[in-house]
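Asker: quick one: sequence plus predicted model below, questions after.
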Amino acid sequence: MPFVQRLRELTATLRFQLVVWITLIVFLMVVVTNVAVREVEYRALQNSYDQFLVESLEDVNLSVARLEAESQRQLFDELADKVKINKNRSWFLQLYDEKMMPIWTSEDSPRLAPPVFAGDVNGPFDEKKHRVYEKKFRKPISGDVYYLRCGFLNIELQEDIDVLNRSILLASISILLAAPIGA
């Protein structure tokens, strides 16, 4: 009984009540801050991945324009090399003619319907577990229209977000364990 009585006396003290209140306030601040940080970082990661798609498609367009007069085999070899370089991101590439018939697709390309264009650009957008970007181009020499599509598995972005979430969780737990000590 003395232990229970001592525990009641301890919880009735002003010091204990202050520690509890400070810990609760710190907990709320940590939760609100981490939710905000997570959301901002999620958007920043997604924008970074989307920017990668835009830049990689422009790079492919330069290759197509540069190798237009050369052999088609040389173009396809260069496209395959670009896909290999970005294999760690599960990046894929598809090239369509103006009738939306596939001219070339990378080995790991998902089976997606041919692109449908209202303007010159589609995306980036999510389709069948992939983040996809599509753009219409015109060959400089012949003037022919062609369409490029590239993308990656959304799991790549999700893995980066999971790492972020684990880091935030560890930081939150550390702060919450230290809060009562500091109070």
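Answerer: Alright, I've got the coordinates.
Asker: need the per-residue pLDDT for Leu67.
Answerer: With respect to pLDDT, Leu67 scores 80.
Asker: same thing with Leu93?
Answerer: Leu93 carries a pLDDT score of 96 in this model.
Asker: beta partners for it?
Answerer: Cys150 (DSSP bridges).
Asker: got the contact list for it?
Answerer: Residues in contact with Leu93 (Cβ atoms under 8 Å, 6 or more residues apart in numbering) are 60, 79, 82-83, 104-106, 109, 148-150. Any C-beta I mention is one placed from the backbone N, CA and C, and that applies to glycine too.
Asker: out of the residues you listed, the closest to Tyr42 would be?
Answerer: Within those, the smallest distance to Tyr42 is 21.8 Å, found for Cys150 (Cβ to Cβ).
Asker: in which helix or strand would I find the closest residue to Arg89 other than its chain neighbours?
Answerer: Distance criterion Cβ to Cβ, 6 or more residues apart in numbering; nearest residue to Arg89, sequence neighbours excluded, is Phe152 at 5.1 Å. Using DSSP states H and E, the element containing Phe152 is strand 145-153.
Asker: just the strands in this protein please.
Answerer: 92-97, 102-105, 121-127, 130-138, 145-153 (DSSP state E).
Asker: of all the ones you listed, which lies closest to Val31?
Answerer: Val31 sits nearest to strand 121-127 of all these, at 28.3 Å, using Cβ to Cβ.
Asker: can you give me how far the closest one is from the chain middle?
Answerer: 13 Å (Cα atoms, centre = their mean, to the nearest Å).
Asker: just stretch 9-27 next, same as before
Answerer: Worked out by Cα atoms, centre = their mean, stretch 9-27 lies 41 Å from the chain centre.
Asker: residue contacts, Glu78?
Answerer: Glu78 neighbours (Cβ under 8 Å, 6+ apart): 63, 67.
Asker: show me what the helix ranked longest in the chain is packed up against.
Answerer: Secondary structure assigned by DSSP state H gives helix 14-66 as the longest helix of the chain. In terms of contacts (3 or more Cβ pairs under 8 Å, 6 or more residues apart in numbering; DSSP states H and E), helix 14-66 is packed against helix 72-85, strand 121-127, strand 130-138, strand 145-153, helix 154-182.
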